[in-house]
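Novice: A predicted structure for the sequence below; I have some questions about it.
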Amino acid sequence: MPGMNHGGSSSSAPASADANDADIMFASMMKEHHAQAIEMSDMLLG
């Protein structure tokens, strides 16, 4: 998938990259999404 490079490079963004409102919203939503995935995995394993 474009933009989904999982190579061995650093996961840090360049120091010159600035987050905009869309970036912040995406990160906030992904945090909740991953928390839900962990909760579902725990239920499945339980």
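Specialist: Yep, it's here.

Novice: So Met29, which state does it fall into?
Specialist: Recorded secondary structure, Met29: helix (DSSP: H, G, I helix; E, B strand; the rest coil).

Novice: That one and Asp21, how far apart?
Specialist: Counting by Cβ to Cβ, to the nearest Å, the gap from Met29 to Asp21 is 12 Å. Yep, even glycine has a C-beta here, placed from its N, CA and C like the rest.

Novice: Of the two, give the one with the bigger neighbour count.
Specialist: Using other Cβ atoms under 10 Å, the more surrounded residue of Met29 and Asp21 is Met29, with 10 against 7.

Novice: That one and Met40, how far apart?
Specialist: Counting by Cβ to Cβ, the separation of Met29 from Met40 is 16 Å.

Novice: With Lys31 instead?
Specialist: Applying Cβ to Cβ, the value for Lys31 to Met40 is 15 Å.

Novice: same question, Phe26
Specialist: Going from Phe26 to Met40 by Cβ to Cβ gives 21 Å.

Novice: same thing with Gly46?
Specialist: Counting by Cβ to Cβ, the gap from Gly46 to Met40 is 11 Å.
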